[in-house]
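With the sequence up front, the predicted model follows.
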Amino acid sequence: MTKDGHYQFRKDRAGVSRVPKNQSENPFRRSATLTGSVSNSVVASNEKKSQLKSPRLHEQTLRKHRRKLGAYLFLILVICAGLLYIVINYTATISDVRAIASQSNADIGDANQYTTLVQSYYSERPFERFDFMFDQVSFSQFMARERSDIAGARLESSGKLWTSDLAITFREPVVSWTIQQNQYFVDASGKAFTVNHFSAPSVDVRDNSGISAETGVVASTGLLRYISRMIVLINGTGLGQVSTVDLPAGLARQVDIRLEGRQYYYKINVDRDPAGQVRDIQNITRYLESSGLQPEYVDVRVSSRAYYR
């Protein structure tokens, strides 16, 4: 447009176009950054790879590049840490096998037999090698199921790299019994086992019942369970410690128990509740002591009744 308000027209191949006189064909836009170079190798200012960037744009590009490299480095470190964690858990070993603190007098014996069980457990449950997936309850039940002398077990941190400690709760015997030329022990809960890690129990069952080999250990351990329960209850009454247990001949349901310091023995019935019979033993013993009587035996096989001779 001229000063007098008229437009200047120009004719080209495409036809007639109207362009203001004071504007060029490629005007610069507002707020655009002017860049340039004095290098003879730059062909044009709009070349894609000419790297003609302002210092500010160049700094932003470098910042983005550093962030990208940092992210890649962090990802590599995370992957390496994960691989290291897997290697540590799969190569971890048992550094020490010991009994729990309250069983410091236990004789562990060959520790390899217990570490072998730990590896068997991991073979069945490989994912439990990771600490966050390890089930202490399941592990303890597995160890007790595989070894009758184990009441419980747990894995503890040893304080050393790649190692753990195996803490075992062994069964402590209260009575022993020889069945079919094999010696069995029974703990306070009535569980029978064959390997004893403590000193031999003072109570030994004298079997005169004539149990045949065909009867098997299952029926015998059931009786042992009952006897062990009676021993624990009687020892807790303060009347004295059980010294001997006899299985009389021809009487499958009767057990004779003798206490230390007493000349007479007690006849009990294995079909009765142990706690009830122990109460009857306490009552008749107090009566005999107060009366100064020294019988040959006391019969508490009938509930709430006691006989002596």
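Received, thanks.

Check what pLDDT residue 219 gets.
What the model reports for residue 219 is a pLDDT of 53.

Residue 94 contacts residue 163, doesn't it?
Yes. Counting by C-beta atoms under 8 Å, residue 94 touches residue 163, with 7.1 Å between them. All C-beta atoms are positioned from the backbone trio N, CA, C, and that covers glycine.

Tell me which of those two has more neighbours.
Between residue 94 and residue 163, counted using other C-beta atoms under 10 Å, residue 94 has the larger neighbour count: 18 against 13.

quick check, that one in a helix?
No. Using DSSP: H, G, I helix; E, B strand; the rest coil, the assignment for residue 94 is strand, not a helix.

could you list every residue that touches it?
Neighbouring residues of residue 94 by C-beta atoms under 8 Å, 6 or more residues apart in numbering: 115, 118, 163, 164, 165, 166.

what about the closest residue to the third one other than its chain neighbours, distance to residue 132?
The shortest distance from residue 163 to any residue other than its chain neighbours is 3.8 Å, reached at residue 95 (C-beta to C-beta, 6 or more residues apart in numbering). In this view, residue 95 and residue 132 are 21 Å apart by C-beta to C-beta, to the nearest Å.

if you count what's nearby, which of those two comes out ahead?
residue 95 (14 against 7).

remind me which residues of the stretch 1-150 of the chain are low pLDDT?
Within the stretch 1-150 of the chain, the ranges that satisfy pLDDT under 70 run 1-53, 87-92.

Please enumerate the helices of it.
Taking DSSP state H, counting those that start in this stretch as the test, the helices found in the stretch 1-150 of the chain are 55-91, 112-124, 136-146.

Redo those as a markdown table? Include distance to residue 158.
A markdown table is the format used below for these (distance: least, C-beta to C-beta, whole Å):
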| stretch | distance to residue 158 |
| --- | --- |
| helix 55-91 | 13 |
| helix 112-124 | 13 |
| helix 136-146 | 16 |
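
Output those as CSV; include the columns mean neighbour count and distance to residue 194.
As requested, the helices of the stretch 1-150 of the chain are exported to CSV (neighbours: other C-beta atoms under 10 Å; distance: least, C-beta to C-beta, whole Å):
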stretch, mean neighbour count, distance to residue 194
helix 55-91, 11, 34
helix 112-124, 14, 13
helix 136-146, 15, 13
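
out of everything not next to it in sequence, what's closest to residue 105?
residue 198 (6.7 Å).

Touching, that neighbour and residue 176? I think so.
No. Applying C-beta under 8 Å as the test, residue 198 and residue 176 come out as separate, 11.2 Å apart.

mind giving me the domain split of the chain?
93-170, 173-308 (automatic domain parsing).

looking at these, which has the lowest confidence?
domain 173-308 (a mean of 84).

just how off-centre is it within its chain?
Distance of domain 173-308 from the chain centroid (C-alpha atoms, centre = their mean, to the nearest Å) equals 37 Å.

re earlier: need the domains of the chain in CSV with distance to residue 78, can you?
Output for the domains of the chain, formatted as CSV (distance: least, C-beta to C-beta, whole Å):
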stretch, distance to residue 78
domain 93-170, 17
domain 173-308, 46
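
how about residue 207, what does it touch?
The contact partners of residue 207, taken as C-beta under 8 Å, 6+ apart, are 177, 178, 179, 247.

Going by neighbour count, which of the residues you listed comes out on top?
In terms of neighbour count, residue 177 stands highest of the contacts of residue 207 at 24 neighbours, by other C-beta under 10 Å.

what's the closest non-adjacent residue to that residue?
Leaving aside its sequence neighbours, residue 177 sits nearest to residue 205 (C-beta to C-beta, 6+ apart; 4.0 Å).

May I ask which helix or strand encompasses that neighbour?
strand 204-207 (DSSP states H and E).

Could you count how many residues lie near the residue lying closest to residue 255 once chain neighbours are set aside?
In this structure, residue 255 finds its nearest non-sequential neighbour in residue 268, 5.3 Å apart by C-beta to C-beta, 6+ apart. As a burial measure, residue 268 scores 26 neighbours (other C-beta under 10 Å).

Same question for residue 96.
Counted by other C-beta under 10 Å, the residues lying close to residue 96 total 14.

Can you report how many residues neighbour the spatially closest residue to it that is not a sequence neighbour?
Among residues not flanking residue 96 along the chain, residue 165 sits closest, at 4.7 Å (C-beta to C-beta, 6+ apart). For residue 165, the count of nearby residues is 16 (other C-beta under 10 Å).

On the three-state scheme, residue 165 is what?
Classification of residue 165 using three-state DSSP returns strand.

circling back to that earlier point, contacts for the next helix or strand after the strand holding residue 205, please.
Toward the C-terminus, strand 204-207 is succeeded by helix 216-235 as the next helix or strand (DSSP H and E). Here helix 216-235 makes contact (C-beta under 8 Å, 6+ apart) with 174-175, 177, 179-180, 182, 184, 186-192, 203, 205, 211, 241-242, 245, 247, 255, 257, 259, 268, 270, 274-275, 277-278, 281.
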